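K.L.:
Sequence and predicted structure, then a few things I'm wondering about:
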Amino acid sequence: MPSDLEDIRAAFEHQIALYGSVLVPDDSAPAPVADLAEPEAVTQPIAASAPIAPATRQTDQYSQINALIPADSPLLGMTSLEEVAHYVAHTKLIELDNSRQNPVFGAGHPTADLMVVGDAPGAEEDEKGDPFIGPAGQKLTQILKAIGFDREQVYITDVLKSRPPGDEHPTAEEFRGHLPILYKQISLIRPKLILCLGKTAGTVLLGLDTTLGAMRGTFHDYHGIPVLVTYHPAALLRNPNWRRPTWEDVQILRKKYDELTAS
């Protein structure tokens, strides 16, 4: 039937976009700071989505996340992203904040249904103050486009808002120092779905102690919000074997998004 052919053609074009010009590794590009994907080729099939109650824009689930912020933090009572961004820009919460050029707070739609979370900014992000604008960011933009998203439709951020000097691995203490900022961002943006890029982002947000291979391919319930973990785009610059599992992940992400936002 014509509609079937159109669906097949559309899916084929997405795969060409992702495996052809979209995600061709660029060996000349420097590896961004915080790709902490597992050094393993993942070959297991995609698991079925875990049963999760639809994430609706109810006060309860987002107030639960807001309540994770320490009681003595000024973040707790803030009511806008602008207020939080100003606080982050003018407050030294951890030692990394003293060495940064610019805080990298986040960018995108302030009430996005899809929120994308990485682990830490790199050199270009530190210079400009915007998340995911280096080589990994360009790949992220292409991945999102392959499943029908413009960057302006989603909200993109990192757990850490300051670049680790020398692109060193951030410490658990550093992540803990900035994690309440992410809690506040989630509670204000109120996304219906979250995509974590890389093992570290998934570990920090979900509190899981396992491999990326065990995290990805299914949805995790985070206070009623479905969370999917996949490879950091920087991993795709280094290892083409991770393109296919990433493509599988983002396809089920798009399907879940459509289910949650269907009117």
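P.N.:
That came through, no problem.

K.L.:
Going by C-alpha atoms from here, please, whenever you check contacts or count neighbours.
P.N.:
Noted.

K.L.:
for the record, mean pLDDT for stretch 75-94?
P.N.:
Averaging pLDDT along stretch 75-94 gives 97.

K.L.:
what comes up buried for that stretch?
P.N.:
Neighbour counts using 16 or more other CA atoms under 10 Å place 75-76, 81, 84-85, 88 of stretch 75-94 among the buried residues.

K.L.:
now swap in stretch 128-137 and tell me
P.N.:
129-137.

K.L.:
do stretch 249-263 as well
P.N.:
249-254, 256-257, 260.

K.L.:
now stretch 235-243
P.N.:
Under 16+ other CA under 10 Å, the buried positions of stretch 235-243 are 235-239, 242-243.

K.L.:
Of those residues, which pair is most distant in space?
P.N.:
Greatest spatial distance among those (CA to CA): R238 and R243, at 10.3 Å.

K.L.:
Return the distance of stretch 252-263 from the chain's centre.
P.N.:
Centroid separation between stretch 252-263 and its chain, computed with CA atoms, centre = their mean, to the nearest Å, is 17 Å.

K.L.:
Among the buried residues of stretch 128-137, which lie within helices?
P.N.:
Mapping those onto helices (DSSP state H) picks out 135-137.

K.L.:
can I get these in CSV with distance to Y155?
P.N.:
Listed next are these as CSV, based on distance: CA to CA, whole Å:
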residue, distance to Y155
P135, 18
A136, 16
G137, 13
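
K.L.:
which of the residues you listed lies closest to T211?
P.N.:
Nearest to T211 among these: A136, at 21.2 Å, using CA to CA.

K.L.:
hey, C-alpha coordinates of stretch 180-187 in PDB?
P.N.:
In PDB, the C-alpha atoms belonging to stretch 180-187 read as follows (Å, rounded to 0.1, in the frame of the first residue of the first chain):
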ATOM      1  CA  PRO A 180      20.800  20.100  42.900                       C
ATOM      2  CA  ILE A 181      21.000  22.500  39.900                       C
ATOM      3  CA  LEU A 182      19.800  19.700  37.600                       C
ATOM      4  CA  TYR A 183      17.000  18.800  40.000                       C
ATOM      5  CA  LYS A 184      15.800  22.400  39.900                       C
ATOM      6  CA  GLN A 185      16.000  22.400  36.100                       C
ATOM      7  CA  ILE A 186      13.900  19.300  35.800                       C
ATOM      8  CA  SER A 187      11.400  20.600  38.300                       C
END
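
K.L.:
before we move on, back to that, return the closest of the buried residues of stretch 249-263 with respect to Q61.
P.N.:
L260 (15.4 Å).

K.L.:
how far does the helix or strand that that closest one is a member of sit from the chain's center?
P.N.:
Assigned by DSSP states H and E, L260 belongs to helix 243-261. Mean-position distance between helix 243-261 and its chain equals 13 Å (CA atoms, centre = their mean).

K.L.:
Likewise for stretch 201-217?
P.N.:
How far stretch 201-217 lies from its chain's middle: 12 Å, per CA atoms, centre = their mean.

K.L.:
how long is that stretch from one end to the other?
P.N.:
Stretch 201-217 has its terminal residues 15 Å apart, counting by CA to CA, to the nearest Å.

K.L.:
Which of the residues in that stretch are classified as buried?
P.N.:
Across stretch 201-217, burial judged by 16+ other CA under 10 Å covers 201-206, 211-213, 215-217.
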